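# Just to be clear, the model below is a prediction. Sequence and coordinates:
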Amino acid sequence: MASSFPDEESALSKNNRQKRKFPGTDSGPTGKKGRPSSDVAANVKLPPHGYPLEHPFNKDGYRYILAEPDPHAPFRQEFDESSDWAGKPIPGWLYRTLVPHSVLLALHDRAPQLKISEDRLAVTGERGYCMVRATHSVNRGCWYFEITIEEMPEGAATRLGWGREYGNLQAPLGYDKFGYSWRSRKGTKFTESHGKHYSEAYVEGDTLGFLIELPEETALDYLPNTFKDRPLVKFKSHLYYEDKDKITETLKNLHILQGSRIEFFKNGQSQGVAFEDIYAGSYFPAISIHKSATVSVNFGPAFKYPEVLGDRKAKGMHDRVEELITEQCLADTLYLTEHDGRLRLDNMGI
């Protein structure tokens, strides 16, 4: 059954569950990007959850990755004390990707019309389907998180599950080859815009579980990209790596990961395996909403149905934080080691 984007129905009315606070505007303009100069090398204080409220959104063609000074970069002190860099672009290798210390909904990696709560653990939709991804992804192992349907007004709907970085943010999850979703209406499962019957519908008040299993491929390098060879751009006193999308290349290299699977749960009960032998890659918890539904996410460790982890030998998404910090540090160290000679020449202005 092929999918379109019509109004979708839901049965239950609102209840009196505790409300989260949603800022009136938290989605800052994208603005114009400019070359950074050395006067932005100083740290600018971030909000409690570690991401600027005004930021460049990821968009078709480009990604923006928040950067921070790398204290381990060679010549860090010389750069900070030198006046020779004034007005010149800052070398990307002097910085590093800022890895969030909590798994949250990404402010930058979402459709801007979605409203994210201040704690970044709930989201409300508006009008047509659009999507938000979490801050952390997984590429191997067995992982789990939960979503509770807080409000589902009549005509609203959700498609929830797992998606990759190039999934279209202005479309429902499962619209393309970069996502796998479970729809509230009729319990349909979706990928590549094809829907198939999967389970009964889920409704307001239900807590849903999302499990993904990605067997490790022994010959594959799982370290994240350092982005240290990418240009830095300035926006609202913060620096970002600018990276171009590689959608065509990624689609060309898609391959099935044998033994992989996605399983969904409703109120602690498995609804069965939804997808098997999915495409290999890094997957983010992902949420797409039609109209004004509100959902909250739980990345752990205090899950409502923790028995799912033990039964499936899975980790909660919260465990991904320390793993990613370690992997990013290792990737950065390898880059600096392998390019030491070139960096010395750069520092000398050669």
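Sure, I can see it. Just so it is clear, the model here is predicted, and its values are computed rather than measured.
# CA atoms for contacts and neighbours, from now on please.
Will do.
# mind listing what's buried in the longest strand along the chain?
Among the segments of the chain that qualify as a strand by DSSP state E, the longest is strand 141-151. Using 16 or more other CA atoms under 10 Å as the test for burial, strand 141-151 gives 142, 143, 144, 145, 146, 147, 148, 149, 150, 151.
# Dihedrals phi and psi, the residue nearest to the fourth one when sequence neighbours are not counted?
On the basis of CA to CA, 6 or more residues apart in numbering, the spatially nearest residue to residue 145 that is not a chain neighbour turns out to be residue 299, at 4.9 Å. The phi and psi values for residue 299, taken as degrees, to the nearest 10, are phi -90, psi 0.
# next one: the one 5 residues further on
Note on residue 304: backbone dihedrals following degrees, to the nearest 10 are phi -70, psi -30.
# what sits against it?
By CA atoms under 8 Å, 6 or more residues apart in numbering, the contact set of residue 304 is 146, 207.
# gap between it and residue 325?
Distance, residue 304 to residue 325, by CA to CA, to the nearest Å: 27 Å.
# ok, back up a step: right, and out of the buried residues of strand 141-151, which lies closest to residue 321?
residue 143 (12.5 Å; CA to CA).
# Thought residue 317 was touching that closest one, still the case?
Yes: counting by CA atoms under 8 Å, residue 143 touches residue 317, with 6.2 Å between them.
# re the thing from before, each with direction, which strands does the longest strand of the chain pair with?
strand 207-214 (antiparallel), strand 294-298 (antiparallel), strand 315-316 (parallel) (DSSP bridges).
# Pretty sure residue 140 is one of the things residue 315 touches, is it not?
No: using CA under 8 Å, residue 315 makes no contact with residue 140, being 11.2 Å away.
# so residue 209 touches residue 262, yeah?
No: with contact defined as CA under 8 Å, residue 209 does not reach residue 262; the gap is 10.6 Å.
# who has more neighbours, these two?
Legend: neighbour count by other CA atoms under 10 Å for residue 209 and residue 262, higher for residue 209 (28 against 23).
# about what we covered before: can you dump the C-alpha atoms of the longest strand of the chain in PDB for me?
Backbone C-alpha positions of strand 141-151 (Å, rounded to 0.1, in the frame of the first residue of the first chain) are rendered in PDB as follows:
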ATOM      1  CA  GLY A 141      24.600  -3.500  18.600                       C
ATOM      2  CA  CYS A 142      21.100  -3.700  20.000                       C
ATOM      3  CA  TRP A 143      19.400  -0.500  21.200                       C
ATOM      4  CA  TYR A 144      16.100   0.600  22.700                       C
ATOM      5  CA  PHE A 145      14.100   3.800  23.500                       C
ATOM      6  CA  GLU A 146      10.500   4.700  24.400                       C
ATOM      7  CA  ILE A 147       8.000   7.200  23.200                       C
ATOM      8  CA  THR A 148       4.700   8.200  25.000                       C
ATOM      9  CA  ILE A 149       1.800   9.600  23.000                       C
ATOM     10  CA  GLU A 150       0.900  12.600  25.200                       C
ATOM     11  CA  GLU A 151      -1.700  14.200  23.000                       C
END
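# need the next SSE after that strand, C-terminal direction.
Using DSSP states H and E, the helix or strand that follows strand 141-151 in sequence is strand 157-163.
# Now do the helices in the stretch 1-150 of the chain.
Secondary structure of the stretch 1-150 of the chain (DSSP state H, counting those that start in this stretch): helices located at 76-81.
# you'd agree residue 326 is in a strand?
No: under DSSP: H, G, I helix; E, B strand; the rest coil, residue 326 sits outside any strand and is assigned helix.
# Let me see the contact set for residue 300.
145, 316, 317, 318 are the contacts of residue 300 under CA under 8 Å, 6+ apart.
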